[in-house]
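Q: have a look at this prediction, sequence included:
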Amino acid sequence: MKKKKRDTNVLLMVVHGTLFCRRRRLHHHLLPLVSAVSGGLLFLFAVISFLFPPITNHHHNVSNNPIDGRSDVEGDTLFTLPSTGGSLARDIWSSTQSKLFYGCSNSSTNFLTAEAKTNPNRYLLIATSGGLNQQRTGITDAVVAAYILNATLVVPKLDQKSFWKDNSNFSEIFDVDWYISYLSKDVKIIKQLPTKGGKVMNPHSMRVPRKCNPRCYETRVLPVLNKKRAVQLGKFDYRLANRLDTDLQKLRCRVNYHALKFTDTIQEMGEKLVERLRMKSKRFIALHLRFEPDMLAFSGCYYGGGEKERSELGAIRKRWKTLHVRFHLFG
């Protein structure tokens, strides 16, 4: 009985081995065939793609002028480039979409007024930093920061210590009375700190990180403000987050585009320059290259000016330690 069972097992193993070998032979024969068919299909698709362009390109080729860009709305031409490279008779300064834009900086009905939210025992000051544009950004953000902190804002002092060493004050550049009156419903602004016991209050100095959001001001500045009553935020450039809720962004716009007006003297000079530029052409483009010593130094590059350049820009670069090192490494 045992011998018969053993013979049966041997027979089964032989049959299984035979089937397995045949299956492997079939697999090896099919593999080249599948590869050949796949390669043929890929080649066929490549030929079709080459001979027949995409549908979008086909539609563009139907146009008489392939460089002409047209609007989907009423077929108005928004922008056209002449194929010859010459000028166009059409006025490129106009916009068919300009009627869709409108002013939107007014506060919402839910926006609390200065009278309703200002704490009489909180005073915020800032020390602006950088060029006039950076200082303007700081002045704008300071109004929003004061609103977040429910504080009275003291008219900012301009930076008189940076590279330019310009000793102008706020009232010599901007119309300070207009600035205060225009924002009176949003933030209370005063020209200087009040006196306490016959003496001017001494503000506590501190800094906040860049791009500090409202929560950041409430956790970092507000406790100090409640304790010291007057706080000055130093080097106040880009110290407020870019992303704010809609009403705070609108306040930013009101400050930057409406409250900050140049003095009459500067305004008149600007208008005179614009008038002279328009005498030769009705429209013009103003370009500020910033090819100035401080910007050249900040770039960390060498401009081929020899030892004099190395010496002068090297002295300026000492303000930025990493740039100073990079100048010696790559200059």
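A: Perfect, I can see it now. Residues are numbered from 1 along each chain as shown.
Q: how about the helices in the chain?
A: 2-51, 55-62, 114-117, 132-148, 170-173, 176-182, 214-220, 222-228, 246-254, 264-280, 293-299, 306-317, 321-330 (DSSP state H).
Q: and these, which one's lowest on average pLDDT?
A: For the helices of the chain, mean pLDDT drops lowest on helix 55-62, to a mean of 41.
Q: leaving out sequence neighbours, find the closest residue to Asn226.
A: Arg122 (7.4 Å; C-beta to C-beta, 6 or more residues apart in numbering). Using the backbone N, CA and C atoms, a C-beta is placed for each residue, glycine as well.
Q: dump the residue contacts of the one you found.
A: 149-152, 225-226, 229 (C-beta atoms under 8 Å, 6 or more residues apart in numbering).
Q: among the residues you listed, who's most crowded?
A: Compared across the contacts of Arg122, Ala151 has the highest neighbour count, 27 neighbours, by other C-beta atoms under 10 Å.
Q: next one: that one from Ser281, what distance?
A: Using C-beta to C-beta, to the nearest Å, Ala151 is found at 48 Å from Ser281.
Q: for the residue nearest to Asn226, grab phi and psi.
A: For Arg122, the backbone dihedrals are phi -130, psi 130 (criterion: degrees, to the nearest 10).
Q: repeat that for Tyr238.
A: Residue torsions, per degrees, to the nearest 10, at Tyr238 are phi 60, psi 40.
Q: so what's it closest to, chain neighbours aside?
A: Per C-beta to C-beta, 6+ apart, closest to Tyr238 is Arg210, 5.2 Å.
Q: how close does that neighbour get to Asn119?
A: 26 Å.
Q: and those two? Which one has more around it.
A: Asn119 (15 against 11).
Q: right, and the more buried one touches Ala146 too?
A: No. Checked against C-beta atoms under 8 Å, the pair Asn119 and Ala146 is beyond contact range at 10.6 Å.
Q: can you list the contacts of Arg122 in a markdown table and add distance to Thr109?
A: Output for the contacts of Arg122, formatted as a markdown table (distance: C-beta to C-beta, whole Å):
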| residue | distance to Thr109 |
| --- | --- |
| Leu149 | 23 |
| Asn150 | 19 |
| Ala151 | 23 |
| Thr152 | 24 |
| Leu225 | 28 |
| Asn226 | 29 |
| Arg229 | 32 |
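Q: please narrow those residues to those residing in strands.
A: Thr152 (DSSP state E).
Q: tell me the two of the contacts of Arg122 that are most distant?
A: Among the contacts of Arg122, the pair separated by the greatest distance (C-beta to C-beta) is Thr152 and Asn226, at 13.9 Å.
Q: show the contacting residues for Asn202.
A: Ala230.
Q: pLDDT score for it?
A: Reported pLDDT for Asn202: 93.
Q: phi and psi next, for it.
A: Dihedral pair for Asn202: phi -100, psi 110, per degrees, to the nearest 10.
Q: tell me how far the residue nearest to Asn226 lies from Leu158.
A: From Arg122 to Leu158 the distance is 23 Å (C-beta to C-beta).
Q: so which of the contacts of Arg122 is the closest to Thr265?
A: Of these, the one sitting nearest to Thr265 (C-beta to C-beta) turns out to be Thr152, at 28.9 Å.
Q: name the nearest residue to His258, ignoring sequence neighbours.
A: Closest to His258 by C-beta to C-beta, 6+ apart is Tyr182, at 6.1 Å.
Q: meant to ask about Ala142, not that
A: The shortest distance from Ala142 to any non-neighbouring residue, by C-beta to C-beta, 6+ apart, is to Ile126 (4.5 Å).
Q: how many residues are close by that neighbour?
A: With other C-beta under 10 Å as criterion, Ile126 counts 26.
Q: same question for the one 3 residues further on.
A: Number of residues near Ser129 (other C-beta under 10 Å) recorded here: 19.
Q: same question, Phe262
A: Phe262, neighbours per other C-beta under 10 Å, totals 13.
Q: distance of it from Val176?
A: Distance from Phe262 to Val176, by C-beta to C-beta: 11 Å.
Q: and the pLDDT at the spatially closest residue to Leu277 that is not a sequence neighbour?
A: Leaving aside its sequence neighbours, Leu277 sits nearest to Phe284 (C-beta to C-beta, 6+ apart; 4.9 Å). Predicted confidence (pLDDT) at Phe284: the value is 85.
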